[in-house]
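Novice: Need coordinates for the following:
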Amino acid sequence: MNARLLTVALDAAERGWHVFPLRPRDKRPALHGEAACPGTGDCAAGHRKWEQRATTDPDRIRKAWSAGAFNVGVATGPSGLVVVDLDPVKAKDPKGTPDG
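Specialist: Numbers count the residues shown, from 1 in each chain. All right, here's what the predicted structure looks like:
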């Protein structure tokens, strides 16, 4: 377990931010998808997506981050956060979409 990432996840949860594990060095959730859903635990009543499984519960966070050195994702909707994502123009965009 990576203690620093666990601490970051717990600190975010203390702020009321709902966290979920991300794959190491990636921005994709480290949770099973619908096709691989075991139908147990959080998904016992049906598959729950990553945003629905995000949590502020310290015990659940410790359990999740004990399985690996996951990055920390924040589910903005359940956390009551608004995010503005400003991306630069991509060189291969032929329309020259304006950037932030």
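
Novice: Okay, strands next: where are they in this structure?
Specialist: With strands called from DSSP state E, the chain shows them at 18-22, 71-75.

Novice: Mind pulling the model confidence for the closest residue in space to Arg53 that isn't next to it in sequence?
Specialist: Spatial nearest neighbour of Arg53, excluding adjacent residues (Cβ to Cβ, 6 or more residues apart in numbering): Asp42 at 5.2 Å. Yep, even glycine has a C-beta here, placed from its N, CA and C like the rest. pLDDT recorded at Asp42 is 83.

Novice: Of all residues in the chain, which one is nearest the centre?
Specialist: The C-alpha lying nearest the average C-alpha coordinate of the chain belongs to Gly73 (Cα atoms, centre = their mean; 2.9 Å).

Novice: which residues touch that residue?
Specialist: Contacts for Gly73 (Cβ atoms under 8 Å, 6 or more residues apart in numbering) come out as Val19, Phe20, Pro21, Leu22, Lys27, Pro29, Trp50, Ala54.
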